[in-house]
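Visitor: have a look at this prediction, sequence included:
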Amino acid sequence: MRIGILTGGGDAPGLNAVIRAAVLKGEKDADTEFVGFIDGWEGVFNENFTPLFRNDVRGIGRLGGTILGTSRTNPIKDFGGPDRIATVFERNRIDAIMVIGGEGTLAGGHELAKLGFPVIGVPKTIDNDISGTDYTFGFDTAVQIATDAMDRLRTTGESHRRCMVAEVMGRHAGWIALHSGIAAGAHAILIPERKTSIEQIGEWVLSATNRGRSALVVVSEGFGLDTMNDPFSIKGLDSVGRPRLGGIGEMLAPLIEAHTGIETRGTTLGHIQRGGTPTANDRVLATRYGMAALDLAKQGKWDHMVALRGTEMCVVPLEEAVGQLKSVPDHRYDEAAVLFG
Ligand SMILES: Nc1ncnc2c1ncn2[C@@H]1O[C@H](COP(=O)(O)OP(=O)(O)O)[C@@H](O)[C@H]1O
Ligand SMILES: O=P(O)(O)OC[C@H]1O[C@](O)(COP(=O)(O)O)[C@@H](O)[C@@H]1O
Ligand SMILES: [Mg+2]
């Protein structure tokens, strides 16, 4: 069996560990071989791929990013679409395609599977917002980086008795903000799922300040005040036409200062959260995903993805995973909010 692998969407620490694990497990079988397509679906359209043997994945489990490169190329609409993909697969004897990506890449994989393509999915995103799985790799690393950053913001904030606002990623879902905020002991956590007034944020900041603390506020890039219709975006559109986010933290800082009279500084963590070496947890999860995805391919379980439920690997139809995003549920936010202020 000849299996193609590609990575799509934003990178996430752990992509290389998935690739490594699938290839290593595949090498145990004489009849299994891998090729890696370069830059996501773009590599398929351009017939740009590289063989992946044991030596090609040596030592990459601890490397961030993706050795294959990634893109947001759309397999249905871009270049020659499904017809071109079918030609490339046939010409290069590709029996299965392992698609490692977020909800967008997996939605594309699902569309192709419905057309009869042998697609297996592996869920990735630092945002942890894919349905059907408890966790995606990359999330734990992003939360750890954000927590470390906030620990640092606290010592400088405390020295100047300032309020510090840390902006983390999370376009539609506030998982990174929720988990890093709890870990860092933030006095307010602001997420896309929960619009909040500046008066409420000011109250939390003042309550912490009145107890002699320097307030720490963590905000997801996709958060909106109750007066805003859309997420804050001043950087135009990305390559696929989505508003580029980032900057809400620095936008909120002077508002908080005006409402509370407390000097406030905003910091945007940005892509630092996505780069560098994956945590041990993410390496383990990604390794298990890679091996489980190989099993799915060998069973011909097309149009499915691997997932984590509790502590076990399981199999989920792509349809279920791409239907809707996994938001932070109310009870998880309310649980954290007990400690705000
Ligand atoms: N329903 C869909 N059908 C086909 N391709 C899709 C679909 N939704 C998204 N895509 C493609 O997947 C790409 C990657 O999605 P994106 O959300 O940017 O990253 P991620 O895979 O990390 O979620 C998009 O740029 C788009 O080209
Ligand atoms: O700067 P980029 O690559 O356009 O990506 C920004 C987006 O990628 C993410 O980090 C992860 O999103 P995806 O997993 O859907 O790619 C978002 O939090 C963020 O909005
Ligand atoms: Mg996405």
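Guide: All right, it came through fine. Ligands and ions are numbered 1, 2, ... in the order given.

Visitor: please make it C-alpha for all contacts and neighbour counts, starting now.
Guide: Fine.

Visitor: pLDDT weak spots in the chain?
Guide: The chain contains no residues with pLDDT under 70.

Visitor: interface residues of the stretch 1-150 of the chain facing ligand 2?
Guide: Proximity of the stretch 1-150 of the chain to ligand 2 is confined to 9-10, 102, 125-127 under the rule Cα under 6 Å from any ligand atom.

Visitor: which of those residues come close to ligand 1?
Guide: Contacts with ligand 1 within these, counted by Cα under 6 Å from any ligand atom: 9-10, 102, 125.

Visitor: stretch 228-247: which residues count as buried?
Guide: Residues of stretch 228-247 classed as buried: 231-233, 243-247 (neighbour count, 16 or more other Cα atoms under 10 Å).

Visitor: for those, work out which two are farthest apart.
Guide: 243 and 247 (12.2 Å; Cα to Cα).

Visitor: mutual contacts of those two, please.
Guide: Jointly contacting residue 243 and residue 247 under the rule Cα atoms under 8 Å, 6 or more residues apart in numbering are residue 233.

Visitor: so what does the closest residue to ligand 1 within the stretch 151-300 of the chain have for phi and psi?
Guide: Residue of the stretch 151-300 of the chain nearest ligand 1, by Cα to the nearest ligand atom: residue 240 (5.6 Å). Main-chain torsions, residue 240, degrees, to the nearest 10: phi -110, psi 20.

Visitor: who touches the residue nearest to it when sequence neighbours are not counted in this structure?
Guide: Take residue 240 and drop its neighbours on the chain: the residue closest to it by Cα to Cα, 6 or more residues apart in numbering is residue 72, 7.2 Å away. Applying Cα under 8 Å, 6+ apart, we find residue 72 in contact with 8-10, 40-41, 105, 240.

Visitor: how about CSV for the buried residues of stretch 228-247, with distance to residue 84 added?
Guide: CSV is the format used below for the buried residues of stretch 228-247 (distance: Cα to Cα, whole Å):
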residue, distance to residue 84
231, 37
232, 38
233, 36
243, 30
244, 30
245, 33
246, 36
247, 40
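
Visitor: make JSON lines out of the residues you listed and add secondary structure and distance to residue 259.
Guide: Formatted as JSON lines, the buried residues of stretch 228-247 follow (DSSP: H, G, I helix; E, B strand; the rest coil; distance: Cα to Cα, whole Å):
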{"residue": "231", "secondary structure": "coil", "distance to residue 259": "21"}
{"residue": "232", "secondary structure": "coil", "distance to residue 259": "20"}
{"residue": "233", "secondary structure": "coil", "distance to residue 259": "23"}
{"residue": "243", "secondary structure": "strand", "distance to residue 259": "28"}
{"residue": "244", "secondary structure": "coil", "distance to residue 259": "28"}
{"residue": "245", "secondary structure": "coil", "distance to residue 259": "24"}
{"residue": "246", "secondary structure": "coil", "distance to residue 259": "22"}
{"residue": "247", "secondary structure": "coil", "distance to residue 259": "19"}
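
Visitor: any chance of JSON lines for those, columns distance to ligand 2?
Guide: As requested, these are exported to JSON lines (distance: Cα to the nearest ligand atom, whole Å):
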{"residue": "231", "distance to ligand 2": "11"}
{"residue": "232", "distance to ligand 2": "12"}
{"residue": "233", "distance to ligand 2": "11"}
{"residue": "243", "distance to ligand 2": "9"}
{"residue": "244", "distance to ligand 2": "7"}
{"residue": "245", "distance to ligand 2": "6"}
{"residue": "246", "distance to ligand 2": "8"}
{"residue": "247", "distance to ligand 2": "12"}
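
Visitor: wait, which of these is closest to residue 168?
Guide: Looking across the buried residues of stretch 228-247 and measuring by Cα to Cα, the closest to residue 168 is residue 246, at 8.6 Å.

Visitor: who does residue 119 form a beta bridge with?
Guide: residue 97 (DSSP bridges).

Visitor: residue contacts, it?
Guide: For residue 119, the contact set (Cα under 8 Å, 6+ apart) comprises 96-99, 109-110, 112-113, 302-304.

Visitor: widest-spaced pair of these?
Guide: Longest span within those, Cα to Cα: 96 and 110, 13.5 Å.

Visitor: what about the helices in the stretch 51-200 of the chain?
Guide: Secondary structure of the stretch 51-200 of the chain (DSSP state H, counting those that start in this stretch): helices at 81-91, 103-114, 139-160, 175-184, 198-210.

Visitor: okay, those, which one's buried deepest?
Guide: Mean neighbour count (mean count of other Cα atoms under 10 Å) peaks for helix 175-184 among the helices of the stretch 51-200 of the chain, with a mean of 24.

Visitor: now that one, how far from the centre of its chain.
Guide: 15 Å (Cα atoms, centre = their mean, to the nearest Å).
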